[in-house]
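Engineer: mind looking at a prediction? Sequence and model below.
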Amino acid sequence: MLHDPFIADGQHYFGPSGYPITIRHVVTVSEHEPSHPHDLTEVEHAHDFCELAIIMGGRGLHHLEGTDFPIAAGDVFLLQGRQRHYFHHRQQLELYNIMYDPTRLQLPENELRRIPGYCAMFLLEPAYRRHHRFASRLHLRRLALAHTQQLVTRMDEEVKKNLPGHEAALRALLLELIVFLSRAYTECDTTEAHALLRVGAVIGALERDYARAWTINNLIKIAHMSRSHFMRVFRRATGQTPIEYLVRLRLQKAMECLRQSDVSITTIAMDVGFNDSNYFSRQFKNANGISPSQYRNAHKDVLTPG
(Lines give C-alpha, C1' and ligand atoms only; values in the text may rest on other atoms or scores of the structure.)
Protein backbone atom coordinates (compact mmCIF):
# COMPACT_ATOMS: atom_id res chain seq x y z
CA MET A 1 0.00 0.00 0.00
CA LEU A 2 0.97 3.68 -0.26
CA HIS A 3 3.52 5.12 2.13
CA ASP A 4 1.93 8.55 1.81
CA PRO A 5 -1.85 8.09 2.05
CA PHE A 6 -4.17 9.59 -0.49
CA ILE A 7 -6.33 12.37 0.97
CA ALA A 8 -10.01 11.77 0.18
CA ASP A 9 -11.37 15.24 -0.59
CA GLY A 10 -14.93 15.93 0.54
CA GLN A 11 -15.74 17.68 -2.74
CA HIS A 12 -15.57 14.28 -4.51
CA TYR A 13 -18.26 12.87 -2.23
CA PHE A 14 -20.57 15.71 -1.20
CA GLY A 15 -21.67 16.47 -4.74
CA PRO A 16 -22.23 19.73 -6.66
CA SER A 17 -24.16 21.38 -3.81
CA GLY A 18 -21.37 20.64 -1.37
CA TYR A 19 -23.81 19.82 1.43
CA PRO A 20 -21.51 18.05 3.93
CA ILE A 21 -23.45 14.81 4.51
CA THR A 22 -23.55 11.85 2.18
CA ILE A 23 -23.48 8.07 2.26
CA ARG A 24 -21.85 5.26 0.29
CA HIS A 25 -22.89 1.59 0.24
CA VAL A 26 -19.94 -0.75 -0.24
CA VAL A 27 -20.72 -4.34 -1.28
CA THR A 28 -17.88 -6.78 -1.90
CA VAL A 29 -18.59 -8.65 -5.12
CA SER A 30 -14.93 -9.48 -5.68
CA GLU A 31 -12.27 -8.25 -3.32
CA HIS A 32 -10.65 -5.77 -5.68
CA GLU A 33 -13.77 -4.47 -7.46
CA PRO A 34 -14.86 -0.90 -6.56
CA SER A 35 -18.44 -0.36 -5.36
CA HIS A 36 -18.82 3.29 -6.36
CA PRO A 37 -16.89 6.19 -7.96
CA HIS A 38 -13.96 7.31 -5.79
CA ASP A 39 -14.15 3.99 -3.90
CA LEU A 40 -10.96 3.88 -1.83
CA THR A 41 -11.95 0.87 0.27
CA GLU A 42 -8.71 -0.98 -0.52
CA VAL A 43 -6.45 2.05 -0.98
CA GLU A 44 -4.67 3.55 1.99
CA HIS A 45 -6.20 6.98 2.44
CA ALA A 46 -7.24 9.64 4.93
CA HIS A 47 -10.16 12.08 4.90
CA ASP A 48 -10.71 15.79 5.33
CA PHE A 49 -14.08 14.90 6.93
CA CYS A 50 -15.51 12.31 9.36
CA GLU A 51 -16.66 8.88 8.27
CA LEU A 52 -18.95 6.63 10.29
CA ALA A 53 -18.41 3.01 9.20
CA ILE A 54 -21.25 0.54 9.82
CA ILE A 55 -20.51 -3.10 8.98
CA MET A 56 -23.73 -4.74 7.79
CA GLY A 57 -22.42 -8.18 6.79
CA GLY A 58 -19.39 -10.33 6.06
CA ARG A 59 -15.98 -9.83 7.56
CA GLY A 60 -12.50 -8.53 6.80
CA LEU A 61 -9.55 -6.64 8.18
CA HIS A 62 -9.43 -2.90 8.77
CA HIS A 63 -5.93 -1.44 8.58
CA LEU A 64 -5.84 1.72 10.69
CA GLU A 65 -2.74 3.77 11.45
CA GLY A 66 -0.45 0.78 10.90
CA THR A 67 -2.49 -1.85 12.75
CA ASP A 68 -4.92 -4.50 11.46
CA PHE A 69 -8.24 -5.00 13.27
CA PRO A 70 -10.72 -7.79 12.42
CA ILE A 71 -14.22 -6.50 11.62
CA ALA A 72 -17.56 -8.25 11.29
CA ALA A 73 -21.28 -7.53 10.95
CA GLY A 74 -22.48 -5.21 13.71
CA ASP A 75 -19.23 -3.29 14.19
CA VAL A 76 -19.59 0.50 14.13
CA PHE A 77 -16.74 2.99 14.44
CA LEU A 78 -15.87 6.58 13.63
CA LEU A 79 -12.98 7.54 11.37
CA GLN A 80 -11.87 11.09 11.98
CA GLY A 81 -9.99 13.35 9.62
CA ARG A 82 -6.44 12.42 8.63
CA GLN A 83 -6.53 8.87 10.04
CA ARG A 84 -4.81 6.54 7.54
CA HIS A 85 -6.83 3.42 6.82
CA TYR A 86 -8.10 0.86 4.31
CA PHE A 87 -9.94 -2.49 4.29
CA HIS A 88 -8.50 -5.77 3.03
CA HIS A 89 -9.09 -9.55 3.03
CA ARG A 90 -12.76 -8.77 2.51
CA GLN A 91 -15.07 -11.77 2.67
CA GLN A 92 -18.55 -10.75 1.45
CA LEU A 93 -18.00 -7.53 3.37
CA GLU A 94 -20.91 -5.08 3.22
CA LEU A 95 -20.78 -1.70 4.89
CA TYR A 96 -22.21 1.79 4.83
CA ASN A 97 -19.94 4.82 5.05
CA ILE A 98 -21.71 7.91 6.37
CA MET A 99 -19.49 10.85 5.48
CA TYR A 100 -19.98 14.22 7.14
CA ASP A 101 -18.08 17.35 8.07
CA PRO A 102 -19.05 18.41 11.62
CA THR A 103 -17.21 21.73 11.24
CA ARG A 104 -19.77 22.79 8.60
CA LEU A 105 -22.94 21.27 10.06
CA GLN A 106 -23.29 23.11 13.38
CA LEU A 107 -24.36 19.93 15.16
CA PRO A 108 -25.76 20.46 18.70
CA GLU A 109 -22.50 19.37 20.30
CA ASN A 110 -23.40 20.50 23.82
CA GLU A 111 -26.60 18.47 23.79
CA LEU A 112 -24.84 15.43 22.33
CA ARG A 113 -22.10 15.55 24.94
CA ARG A 114 -24.72 15.10 27.64
CA ILE A 115 -25.01 11.49 26.45
CA PRO A 116 -22.20 9.42 28.04
CA GLY A 117 -22.27 7.04 25.07
CA TYR A 118 -21.69 9.90 22.64
CA CYS A 119 -18.64 11.08 24.57
CA ALA A 120 -17.33 7.53 24.77
CA MET A 121 -17.93 6.55 21.15
CA PHE A 122 -17.37 9.79 19.24
CA LEU A 123 -14.73 11.51 21.40
CA LEU A 124 -12.86 8.83 23.36
CA GLU A 125 -12.95 5.59 21.37
CA PRO A 126 -11.09 6.95 18.29
CA ALA A 127 -8.25 8.12 20.56
CA TYR A 128 -8.05 4.81 22.45
CA ARG A 129 -8.73 2.40 19.57
CA ARG A 130 -5.16 1.19 19.15
CA HIS A 131 -4.50 1.07 22.89
CA HIS A 132 -7.62 -1.06 23.39
CA ARG A 133 -6.92 -3.23 20.34
CA PHE A 134 -10.37 -2.23 19.01
CA ALA A 135 -12.11 -3.88 22.00
CA SER A 136 -13.88 -0.60 22.88
CA ARG A 137 -15.67 -0.38 19.51
CA LEU A 138 -19.45 -0.44 19.32
CA HIS A 139 -20.85 -3.82 18.31
CA LEU A 140 -24.58 -3.83 17.56
CA ARG A 141 -26.78 -6.84 18.19
CA ARG A 142 -29.20 -8.04 15.54
CA LEU A 143 -32.22 -5.84 16.36
CA ALA A 144 -30.13 -2.71 16.86
CA LEU A 145 -28.31 -3.38 13.57
CA ALA A 146 -31.66 -3.77 11.79
CA HIS A 147 -32.85 -0.40 13.13
CA THR A 148 -29.55 1.18 12.09
CA GLN A 149 -29.98 -0.25 8.60
CA GLN A 150 -33.40 1.39 8.35
CA LEU A 151 -31.91 4.78 9.17
CA VAL A 152 -28.97 4.52 6.77
CA THR A 153 -31.24 3.21 4.01
CA ARG A 154 -33.41 6.32 4.39
CA MET A 155 -30.27 8.46 4.20
CA ASP A 156 -29.21 6.62 1.06
CA GLU A 157 -32.63 7.27 -0.51
CA GLU A 158 -32.44 10.99 0.33
CA VAL A 159 -29.04 11.27 -1.34
CA LYS A 160 -30.13 9.40 -4.46
CA LYS A 161 -33.49 11.16 -4.93
CA ASN A 162 -32.01 14.61 -4.21
CA LEU A 163 -35.46 16.13 -3.64
CA PRO A 164 -35.97 19.65 -2.26
CA GLY A 165 -35.38 19.51 1.48
CA HIS A 166 -33.01 16.55 1.32
CA GLU A 167 -30.39 18.54 3.21
CA ALA A 168 -32.68 19.03 6.21
CA ALA A 169 -33.74 15.39 6.06
CA LEU A 170 -30.12 14.18 5.97
CA ARG A 171 -29.15 16.33 8.94
CA ALA A 172 -32.14 15.09 10.94
CA LEU A 173 -31.39 11.46 10.08
CA LEU A 174 -27.70 11.88 10.92
CA LEU A 175 -28.60 13.28 14.34
CA GLU A 176 -31.10 10.47 14.93
CA LEU A 177 -28.43 7.93 13.96
CA ILE A 178 -25.79 9.52 16.22
CA VAL A 179 -28.14 9.56 19.21
CA PHE A 180 -29.24 5.96 18.59
CA LEU A 181 -25.64 4.73 18.34
CA SER A 182 -24.62 6.76 21.40
CA ARG A 183 -27.37 5.17 23.45
CA ALA A 184 -26.45 1.73 22.10
CA TYR A 185 -22.85 2.29 23.21
CA THR A 186 -23.97 2.51 26.85
CA GLU A 187 -24.95 -1.17 26.54
CA CYS A 188 -21.45 -2.31 25.52
CA ASP A 189 -20.23 -5.07 27.80
CA THR A 190 -16.44 -4.87 27.37
CA THR A 191 -14.13 -3.62 30.12
CA GLU A 192 -12.55 -1.15 27.70
CA ALA A 193 -15.91 0.37 26.71
CA HIS A 194 -16.95 0.69 30.35
CA ALA A 195 -13.77 2.69 31.07
CA LEU A 196 -14.61 5.14 28.27
CA LEU A 197 -18.22 5.38 29.43
CA ARG A 198 -17.09 6.42 32.90
CA VAL A 199 -15.15 9.35 31.45
CA GLY A 200 -18.09 10.04 29.12
CA ALA A 201 -20.30 10.28 32.21
CA VAL A 202 -17.99 12.98 33.59
CA ILE A 203 -18.22 15.04 30.39
CA GLY A 204 -21.99 14.58 30.37
CA ALA A 205 -22.24 15.73 34.00
CA LEU A 206 -20.23 18.87 33.25
CA GLU A 207 -22.40 19.66 30.22
CA ARG A 208 -25.63 19.21 32.19
CA ASP A 209 -24.59 21.06 35.36
CA TYR A 210 -21.82 23.44 34.30
CA ALA A 211 -22.62 26.04 36.99
CA ARG A 212 -21.95 23.61 39.84
CA ALA A 213 -18.82 24.15 41.96
CA TRP A 214 -17.08 21.05 40.65
CA THR A 215 -13.83 19.72 42.12
CA ILE A 216 -11.48 17.13 40.67
CA ASN A 217 -12.46 14.82 43.52
CA ASN A 218 -16.12 15.07 42.44
CA LEU A 219 -15.19 14.06 38.91
CA ILE A 220 -12.91 11.22 40.01
CA LYS A 221 -15.80 9.72 41.99
CA ILE A 222 -17.98 9.73 38.86
CA ALA A 223 -15.19 8.19 36.75
CA HIS A 224 -14.16 5.57 39.36
CA MET A 225 -10.53 6.08 38.35
CA SER A 226 -7.33 7.14 40.02
CA ARG A 227 -6.59 10.84 39.75
CA SER A 228 -3.58 10.40 37.44
CA HIS A 229 -5.38 7.97 35.10
CA PHE A 230 -8.49 10.13 34.93
CA MET A 231 -6.51 13.29 34.16
CA ARG A 232 -4.55 11.50 31.44
CA VAL A 233 -7.64 9.99 29.77
CA PHE A 234 -9.62 13.25 29.95
CA ARG A 235 -6.83 15.32 28.40
CA ARG A 236 -6.29 12.80 25.63
CA ALA A 237 -9.99 12.83 24.82
CA THR A 238 -10.61 16.58 24.93
CA GLY A 239 -7.19 18.21 24.61
CA GLN A 240 -7.84 20.00 27.91
CA THR A 241 -7.76 19.39 31.65
CA PRO A 242 -11.19 19.00 33.30
CA ILE A 243 -10.96 22.52 34.76
CA GLU A 244 -9.98 24.03 31.41
CA TYR A 245 -12.88 22.19 29.79
CA LEU A 246 -15.29 23.49 32.44
CA VAL A 247 -14.08 27.10 32.10
CA ARG A 248 -14.49 26.94 28.30
CA LEU A 249 -17.96 25.48 28.69
CA ARG A 250 -19.00 28.23 31.12
CA LEU A 251 -17.60 30.89 28.80
CA GLN A 252 -19.58 29.44 25.91
CA LYS A 253 -22.78 29.60 27.99
CA ALA A 254 -21.93 33.16 29.01
CA MET A 255 -21.51 34.17 25.38
CA GLU A 256 -24.99 32.83 24.64
CA CYS A 257 -26.42 34.89 27.51
CA LEU A 258 -24.60 38.03 26.38
CA ARG A 259 -26.01 37.65 22.88
CA GLN A 260 -29.56 36.79 23.93
CA SER A 261 -30.27 38.94 27.01
CA ASP A 262 -29.56 42.27 28.67
CA VAL A 263 -28.90 40.74 32.10
CA SER A 264 -25.92 42.32 33.89
CA ILE A 265 -22.50 40.84 33.24
CA THR A 266 -22.02 40.12 36.94
CA THR A 267 -25.28 38.16 37.07
CA ILE A 268 -24.32 36.19 33.96
CA ALA A 269 -20.93 35.37 35.48
CA MET A 270 -22.59 34.03 38.64
CA ASP A 271 -25.28 32.14 36.71
CA VAL A 272 -22.76 30.17 34.64
CA GLY A 273 -20.61 29.26 37.63
CA PHE A 274 -18.02 32.02 38.13
CA ASN A 275 -17.91 33.29 41.72
CA ASP A 276 -15.75 36.30 40.82
CA SER A 277 -16.86 38.62 38.01
CA ASN A 278 -13.32 40.01 37.62
CA TYR A 279 -11.95 36.50 37.13
CA PHE A 280 -14.75 35.85 34.64
CA SER A 281 -13.84 38.99 32.68
CA ARG A 282 -10.15 38.02 32.57
CA GLN A 283 -10.94 34.50 31.37
CA PHE A 284 -13.41 35.85 28.80
CA LYS A 285 -10.87 38.29 27.37
CA ASN A 286 -8.13 35.65 27.30
CA ALA A 287 -10.41 33.35 25.31
CA ASN A 288 -12.03 35.91 22.97
CA GLY A 289 -9.64 38.85 22.80
CA ILE A 290 -12.33 41.31 23.93
CA SER A 291 -14.18 42.03 27.18
CA PRO A 292 -17.71 40.74 27.88
CA SER A 293 -19.13 44.25 27.43
CA GLN A 294 -17.35 44.66 24.09
CA TYR A 295 -18.66 41.27 22.99
CA ARG A 296 -22.21 42.26 23.97
CA ASN A 297 -21.97 45.57 22.10
CA ALA A 298 -20.76 43.74 18.99
CA HIS A 299 -23.85 41.48 19.13
CA LYS A 300 -26.55 43.99 20.04
CA ASP A 301 -28.36 43.33 16.79
CA VAL A 302 -29.19 39.78 17.87
CA LEU A 303 -30.55 40.63 21.33
CA THR A 304 -34.08 39.42 21.92
CA PRO A 305 -36.49 42.40 21.98
CA GLY A 306 -37.87 43.23 25.43
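Structural biologist: In hand now; what should we look at?

Engineer: wait, isn't residue 177 in contact with residue 98?
Structural biologist: Yes. In this structure, residue 177 is within contact of residue 98 by C-beta atoms under 8 Å, at 7.1 Å. Any C-beta I mention is one placed from the backbone N, CA and C, and that applies to glycine too.

Engineer: anything in contact with each of these two?
Structural biologist: 52, 152, 155 (C-beta atoms under 8 Å, 6 or more residues apart in numbering).

Engineer: now intersect those with the helices, please.
Structural biologist: Of the shared contacts of residue 177 and residue 98, the ones assigned to helices by DSSP state H are 152, 155.

Engineer: by neighbours, which of the shared contacts of residue 177 and residue 98 wins?
Structural biologist: Within the shared contacts of residue 177 and residue 98, most neighbours by other C-beta atoms under 10 Å means residue 155, with 23 neighbours.

Engineer: could you pull out the helices for the stretch 151-300 of the chain?
Structural biologist: Ranges of helices in the stretch 151-300 of the chain, per DSSP state H, counting those that start in this stretch, are 166-185, 191-208, 216-223, 227-238, 242-260, 265-271, 277-288, 292-298.

Engineer: typo on my end, it should be the stretch 1-150 of the chain
Structural biologist: 102-105, 109-112, 116-118, 125-128, 142-161.

Engineer: between these, which one is nearest to residue 58?
Structural biologist: Closest to residue 58 of the helices of the stretch 1-150 of the chain is helix 142-161 (C-beta to C-beta; 13.0 Å).

Engineer: thinking again about what came up before, most tightly packed of the helices of the stretch 1-150 of the chain?
Structural biologist: Neighbour counts (mean count of other C-beta atoms under 10 Å) averaged over each of those peak at helix 116-118, with a mean of 24.

Engineer: which helices and strands does that one pack with?
Structural biologist: On a contact count with 3 or more C-beta pairs under 8 Å, 6 or more residues apart in numbering; DSSP states H and E, helix 116-118 meets helix 166-185, helix 191-208.

Engineer: next, the angle from the shortest one to helix 166-185.
Structural biologist: Translated: helix 191-208. 120 degrees (axes from the mean of the first three to the mean of the last three C-alpha atoms, to 10 degrees).

Engineer: output the below-cut-off pLDDT ranges for the protein.
Structural biologist: Within the chain, the stretches with pLDDT under 70 are 1-13, 16, 29-40, 81, 301-306.

Engineer: how about the residue most central in space within it: what's its closest non-neighbour residue?
Structural biologist: For the chain, the residue nearest the mean C-alpha position is residue 122 (3.9 Å; C-alpha atoms, centre = their mean). Of all residues not flanking residue 122 in the chain, residue 78 sits nearest, at 5.7 Å (C-beta to C-beta, 6 or more residues apart in numbering).

Engineer: how many neighbours does the one you found have?
Structural biologist: Neighbours around residue 78, by other C-beta under 10 Å: 20.

Engineer: hey, what's it bridged with?
Structural biologist: Beta bridges link residue 78 to residue 52, judged by DSSP bridges.

Engineer: touching, it and residue 126? I think so.
Structural biologist: Yes. Using C-beta under 8 Å, residue 78 makes contact with residue 126 at a distance of 5.5 Å.

Engineer: residue 136 and residue 129, how far apart?
Structural biologist: Noted for residue 136: a distance of 7 Å to residue 129, by C-beta to C-beta, to the nearest Å.

Engineer: how distant is stretch 209-219 from the center of its chain?
Structural biologist: Distance, stretch centre to chain centre, for stretch 209-219: 23 Å (C-alpha atoms, centre = their mean, to the nearest Å).

Engineer: name the nearest residue to residue 230, ignoring sequence neighbours.
Structural biologist: residue 223 is the one closest to residue 230 (C-beta to C-beta, 6+ apart), at 4.9 Å.

Engineer: contacting residues for the closest residue to residue 98 other than its chain neighbours?
Structural biologist: The spatial neighbour of residue 98 that comes closest, neighbours along the chain excluded (C-beta to C-beta, 6+ apart), is residue 52 at 4.2 Å. Listed by C-beta under 8 Å, 6+ apart, the contact set of residue 52 reads 76-79, 97-100, 177, 181.

Engineer: kindly report the same for residue 19.
Structural biologist: So residue 19 contacts 167, 170 (C-beta under 8 Å, 6+ apart).

Engineer: please apply the same query to residue 63.
Structural biologist: So residue 63 contacts 1, 44, 69, 85-88 (C-beta under 8 Å, 6+ apart).

Engineer: what domains does the record give for the chain?
Structural biologist: Domain assignment of the chain by automatic domain parsing yields the ranges 6-106+137-185, 244-302.

Engineer: can you give me the strands for the stretch 1-150 of the chain?
Structural biologist: Assigned by DSSP state E, counting those that start in this stretch, the strands in the stretch 1-150 of the chain fall at 6-8, 21-27, 45-47, 50-64, 67-72, 75-79, 85-100, 138-139.
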